[in-house]
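# Sequence first, then the predicted structure:
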Amino acid sequence: MKEKIKSHWFILVILALAQFMVVLDVSIVNVMLPTVQKAFHLNEQSLQWIITAYTLTFGGFLLFGGRAADLFGRRKVFLIGVTVFSLASLLAGLSQSGGMLITIRAIQGLAGAFMSPAALSIVLVTYKEGHERNLALSVWGAVAAGGAAVGVLLGGILTEYLGWRWNFFINVPVGIFVLIAAYYLVPKHESEETHNDLDLFGAISITSSLMLLVYGLVKAPTAGWTSHSSLIFFGLSIILMAAFIWNENRVKNPLVPLKIFKIRNLTAANIIQLFTAASLFSVFFFATLYLQEILGYSPVKTGVSFLIIPIVIGITATSAPKLIQKIGYKPILVAGPLFTGFGLFLLGHLVVHGSYFKNIMPGLIVMGFGLGFTFVSILVAATSGVKPEQSGLASGLVNTAQQVGGSLGLAILSGIAASSTTRYIMNAHSHTPLTIVEGTVHGFSQGFYIAVTFSILASLTAAIVIKQKKGPIKVDPTAGLA
């Protein structure tokens, strides 16, 4: 029995480490962007695609990857994903041009889209529903929420002391370790289904719809929200989404059986995840720019500044299972996003001659407190009551909500920030360098303030849609990881 528990612990460590790599690679590149811009002589628009290429393919193919794990075997899909991700990381570090780096980043995101839902799906079938699974998901949630902050810190250290290429090289030895360990320790997890009929039309239509939507939102601030190109992207996205829904209702083995959304808490949890991620991604984007461009922080100092988030998240996420056991996840999903929103509100009080301890740190602490409880509760709500044959799909949905929500939120909020900055400078009586700096900070503040609305919407969704039995959640008192 003890040997089995130890094996479970090792499996969780391996899978969490894989997820850590995936989440890390969303944020680790933020601090290195100015260095890469100089190295490859990229303009601002091209530079943004180093991040966007990854999130586009990652968010766009997650449902495809989750369903593939259900159909072809979780471990098999996971191992393939880790292999491609590690090779892509090596090639990204060896990139000789901006175009090559952006292309490899897209491949990295594609590999992550197969690797991440397969890993979470393995967690769901390894730990039985209840307190045992809640403990495992608390670790998973801490990794998912804290990985972005650690990415900024690690990215700063690697960029300053070893060079920007090591932001990608670091994945190679970690990937090899995960690959070997998973091959020997993770059970084979053959397909839960009696068929391997992958809904290709459904996969292509939903992936294309999501990618066109995010692409349109990224380009809209520059091209104009009502421009010809923006309307084409948004229109095609809507048409493809309609085609996807039509297809899922008529095929024998759909990519996403729409009846899964009849699981009320799963649907609500994914909406909450969407709004939470939409607000979260903006923090690292705006706060990183504020620390480096306004306060003059170095890459390493910027990274250290974000270290408070994973520390607070780690404390709250590990406490979440006991709290969920006592009061259930609904109260936490109502209150958690409000703490996150208050943290964003505090971050909105930026000034030109500000300081980290006054203008950044308080907001990060409050946000971390809210996020630690929220992410774990989202995972529990999104996966409770899901059948084993749909665990990959459920994993893909919750990961898709996070990546698409983050991409949409960043596109919308960065557009609002840019517009606010432009208006501020145009309305100023003089266009001095100080005015430009003031306008930039004003734009960041507006971005944070608008992000608060996402957190409020997440809380309202939990209050209205989430259903939970009265009283504490009953769990097996003998269940647990230790």
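Arrived safely.
# In three-state terms, label the residue lying farthest from the centre of the chain for me.
Within the chain, residue 429 marks the point farthest from the mean C-alpha position, 41.1 Å out by Cα atoms, centre = their mean. Here residue 429 is recorded as coil under DSSP: H, G, I helix; E, B strand; the rest coil.
# For the stretch 251-400 of the chain, just list every one of the helices.
264-289, 299-305, 308-327, 329-347, 361-383, 391-427 (DSSP state H, counting those that start in this stretch).
# In TSV: these, plus mean pLDDT, mean neighbour count and distance to residue 42.
C-beta here means a position set from N, CA and C on the backbone, and glycine is covered the same way. Below are the helices of the stretch 251-400 of the chain laid out as TSV (pLDDT from 0 to 100; neighbours: other Cβ atoms under 10 Å; distance: least, Cβ to Cβ, whole Å):
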stretch	mean pLDDT	mean neighbour count	distance to residue 42
helix 264-289	84	24	16
helix 299-305	82	21	17
helix 308-327	80	20	28
helix 329-347	91	23	28
helix 361-383	85	26	29
helix 391-427	78	23	17
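# shouldn't residue 217 be in contact with residue 412?
Yes - because the distance of 6.4 Å satisfies Cβ atoms under 8 Å, residue 217 is recorded as touching residue 412.
# returning to that earlier point: out of the helices of the stretch 251-400 of the chain, which is closest to residue 120?
Closest approach to residue 120 among these is made by helix 391-427 (3.8 Å; Cβ to Cβ).
# The following helix or strand past the closest one packs against which elements?
Next in sequence after helix 391-427, counting helices and strands by DSSP states H and E, comes helix 433-465. Judged by 3 or more Cβ pairs under 8 Å, 6 or more residues apart in numbering; DSSP states H and E, helix 433-465 is in contact with helix 264-289, helix 329-347, helix 391-427.
# Apply 10 Å and report the result again.
Judged by 3 or more Cβ pairs under 10 Å, 6 or more residues apart in numbering; DSSP states H and E, helix 433-465 is in contact with helix 264-289, helix 329-347, helix 361-383, helix 391-427.
# Kindly reformat these as a markdown table containing distance to residue 28.
Shown next, in a markdown table, are the helices and strands packed on helix 433-465 (distance: least, Cβ to Cβ, whole Å):
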| stretch | distance to residue 28 |
| --- | --- |
| helix 264-289 | 10 |
| helix 329-347 | 21 |
| helix 361-383 | 18 |
| helix 391-427 | 15 |
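# Next up, the contacts around the residue farthest from the centre of the chain.
By Cβ atoms under 10 Å, 6 or more residues apart in numbering, residue 429 lies in contact with residue 435.
# ok, it to residue 421 distance?
Residue 429 sits 16 Å away from residue 421, going by Cβ to Cβ, to the nearest Å.
# How about residue 64?
Distance of residue 64 to residue 421, computed by Cβ to Cβ: 38 Å.
# returning to what we had before: go through the helices of the stretch 251-400 of the chain and name the closest to residue 114.
For those, the distance to residue 114 is smallest for helix 391-427, at 9.6 Å, taking Cβ to Cβ.
# Please find the angle between the direction vectors of that closest one and helix 361-383.
150 degrees (axes from the mean of the first three to the mean of the last three Cα atoms, to 10 degrees).
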